[in-house]
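Trainee: what shape does this take:
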Amino acid sequence: MRKNKIIPYREDLKSKARELRKNSTLSEVLLWQEIKERKIHRYQFHRQLPMLNYIVDFYCHELQLAIEVDGDSHDRNYTYDVERQKELEQLGVRFLRFDDLAVKRNLSDVLRAIEGWIAEQKDIV
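Mentor: All right, here's what the predicted structure looks like:
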């Protein structure tokens with residue numbers, strides 16, 4: 001895969017990210033339990049990671065993959081989410097987005113989708 005690319009971030013986002021980790025949604029907790037500690041293809045994910053002026057739910061440096069869990073606030077923040085994603089994609093970050101309910105109701109399908117995406121990347125690189 002690629003060499004890990006560290007994306008700079010605003011220093012004040014560290015405390016905000018720490019707060020988000022302490023107050024994770026149920027969907028974020030469920031997904032984190034499955035992807036932490038290199039459980040998926042031995043890739044390391046971080047949660048609530050600051051990048052530029054933003055914080056992404058989960059991120060893998062090796063894959064340059066951000067995983068977002070979109071809950072109720074996503075509808076209210078749609079324009080913000082689109083801009084954030086576009087700006088980060090310009091730096092090479094790729095996104096997988098999952099609906100909050102999909103994570104709660106069909107976690108195994110979400111994990112298969114993530115694993116499938118990773119397998120496709122291995123074929124490309």
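Trainee: before we move on, which element is R18 in?
Mentor: helix 13-22 (DSSP states H and E).
Trainee: could you identify the helix or strand that succeeds that helix?
Mentor: Using DSSP H and E, the helix or strand that follows helix 13-22 towards the C-terminus is helix 26-35.
Trainee: ok so, going back, quick check: angle from the helix holding R18 to helix 26-35?
Mentor: For helix 13-22 against helix 26-35, the angle by axes from the mean of the first three to the mean of the last three C-alpha atoms, to 10 degrees is 90 degrees.
Trainee: contacts for helix 13-22 next, please.
Mentor: R47, Q48, L49, P50, N53, Y54, I55 (C-beta atoms under 8 Å, 6 or more residues apart in numbering). For every residue, glycine as well, the C-beta is placed using N, CA and C.
Trainee: which among those residues count as buried?
Mentor: For the contacts of helix 13-22, a neighbour count by 16 or more other C-beta atoms under 10 Å gives the buried set as R47, Q48, L49, P50, Y54, I55.
Trainee: doesn't Q48 make contact with the last one?
Mentor: The reference is to I55. Yes. Counting by C-beta atoms under 8 Å, I55 touches Q48, with 5.6 Å between them.
Trainee: related to what we said a few turns ago, mind listing what's buried in the helix holding R18?
Mentor: Neighbour-count burial for helix 13-22, with 16+ other C-beta under 10 Å as criterion, is recorded at L13, A17, L20.
Trainee: for the first one, give its distance to Q48.
Mentor: Distance, L13 to Q48, by C-beta to C-beta, to the nearest Å: 9 Å.
Trainee: find the residues that touch each one of those two.
Mentor: I55.
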